[in-house]
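> attaching a predicted model along with its sequence, questions to come.
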Amino acid sequence: MGTPFSWGGGTPSGPTTGIGRGAHTKGFDCSGLTLYAWSKAGIRLGHYTGTQFRQGRRVTLGELRKGDLVFFGGGTGDPTHVGLNLGGGVMIHAPKTGDVVRRTPFLTSTYYRPLYRGAVRPG
């Protein structure tokens, strides 16, 4: 919590300096945060939201467990954002440049709920 967003940042070892817009900030982007968290359980994830969307078993909203990956983004291509389900419709995520890792309600959010694309249970 509170770690800066850094585009391209994050490895299984923790926050890193990112690339591009994240080149001067040590932190996580959304998929870097999720790959770091799941690495603690011995699961290796790719560092791209679209790749993570295809890694693991799809689960419904009713099947969500703590730690499941929740995905967001309009359109039909790969999702553009991922967070970790904490339960109760809340996720932890690295939102965007200039922000920090935080908890956010996603099921009741007027921003995130319409962009919800599904959930995956890695491993």
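In hand now; what should we look at?
> run a quick neighbour tally on Arg54.
For Arg54, the number of neighbouring residues by other Cβ atoms under 10 Å comes to 11. All C-beta atoms are positioned from the backbone trio N, CA, C, and that covers glycine.
> same deal with Ala23?
Other residues close to Ala23 by other Cβ under 10 Å number 12.
> quick one: the closest residue in space to it that isn't next to it in sequence from Gly98, how far?
The spatially closest residue to Ala23, leaving aside those adjacent along the chain, is Thr17, at 6.6 Å (Cβ to Cβ, 6 or more residues apart in numbering). Between Thr17 and Gly98 the computed distance is 16 Å (Cβ to Cβ, to the nearest Å).
> so how far is Thr16 from Leu31?
Not quite, residue 31 is Ser, not Leu. Plainly put, Ser31 is 13 Å away from Thr16 if you go by Cβ to Cβ.
> when the two are compared, which one has more neighbours?
Neighbours of Ser31 and Thr16, each counted by other Cβ under 10 Å, are more numerous for Ser31; the result is 24 against 19.
> so what pLDDT did Thr25 get?
At Thr25, the predicted lDDT confidence score is 97.
> I'd say it and Pro4 touch.
Yes: contact between Thr25 and Pro4 holds when scored by Cβ atoms under 8 Å: they sit 5.2 Å apart.
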